[in-house]
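Undergrad: The following comprises the amino acid sequence and a computationally predicted model.
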Amino acid sequence: MGGNRWRRALPPAAALAVTLLAWQAACVLFRIDPWLLPDPWRLVRYMADEASLLWWHLEYTLGLALRGMLLGSAAGVLCAVLFHALPAVRAPCRRSSSCPRTCRSSRSVRC
């Protein structure tokens, strides 16, 4: 069973390795300027040298993403509560033909 997992992981890993080797070879053979297309090894070295800076930026970005998700979720819950609590918002649904059939025909469901 464990061998099957490795067998499935081998093609994507091989494709990644071939892609990185081709990228490295193209940068060396064609003498591509590093400012235009840095080779993978240069990127790995840079990331290792600037690890603390990268971690700080990652922490900041994830913090912003989390705050945005929480703010959006809170706004969604607030809108849902307001739409449910205000009869003026629900009333057009009872008169509208665009309201789902289950909403108009079912007595147990109130729009």
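TA: Cool, the structure landed. The shown structure was predicted, so the numbers you read here are calculated from the model rather than taken from an experiment.

Undergrad: Could you use CA atoms for every contact and neighbour count after this?
TA: Fine.

Undergrad: Where does pLDDT dip in this protein?
TA: Under the criterion of pLDDT under 70, the regions of the chain flagged as low confidence span 1-2, 91-111.

Undergrad: could you pull out the strands for this protein?
TA: Residue ranges of strands cannot be listed for the chain, since DSSP state E assigns none.

Undergrad: spatially speaking, which residue is in the middle of the chain?
TA: residue 65 (10.0 Å; C-alpha atoms, centre = their mean).

Undergrad: What's the local residue count around residue 39?
TA: The burial metric for residue 39, expressed as a neighbour count using other C-alpha atoms under 10 Å, is 20.

Undergrad: Give me the packing partners of the biggest helix by length in the chain, helices and strands only.
TA: Counting residues, the longest helix in the chain under DSSP state H turns out to be helix 51-85. The criterion is 3 or more C-alpha pairs under 8 Å, 6 or more residues apart in numbering; DSSP states H and E, and the helices and strands that helix 51-85 contacts are helix 87-95.

Undergrad: Compute the number of surrounding residues for residue 21.
TA: The number of residues packed near residue 21 is 15, by other C-alpha under 10 Å.

Undergrad: And for residue 83?
TA: Each residue near residue 83 was counted by other C-alpha under 10 Å, and the total is 14.

Undergrad: nearest residue to it other than its sequence neighbours?
TA: Closest residue to residue 83 apart from its sequence neighbours, by C-alpha to C-alpha, 6 or more residues apart in numbering: residue 89 at 5.9 Å.

Undergrad: Please report the distance of the one you found from residue 73.
TA: In this view, residue 89 and residue 73 are 21 Å apart by C-alpha to C-alpha, to the nearest Å.

Undergrad: ditto for residue 21
TA: Using C-alpha to C-alpha, one gets 44 Å for the distance from residue 21 to residue 73.

Undergrad: how far does stretch 24-43 sit from the chain's center?
TA: Between the mean C-alpha point of stretch 24-43 and the mean C-alpha point of its chain there is a distance of 29 Å (C-alpha atoms, centre = their mean, to the nearest Å).

Undergrad: Equivalent analysis for stretch 49-64, please.
TA: Shown here is stretch 49-64, whose average C-alpha point lies 17 Å from the average C-alpha point of the whole chain (C-alpha atoms, centre = their mean).
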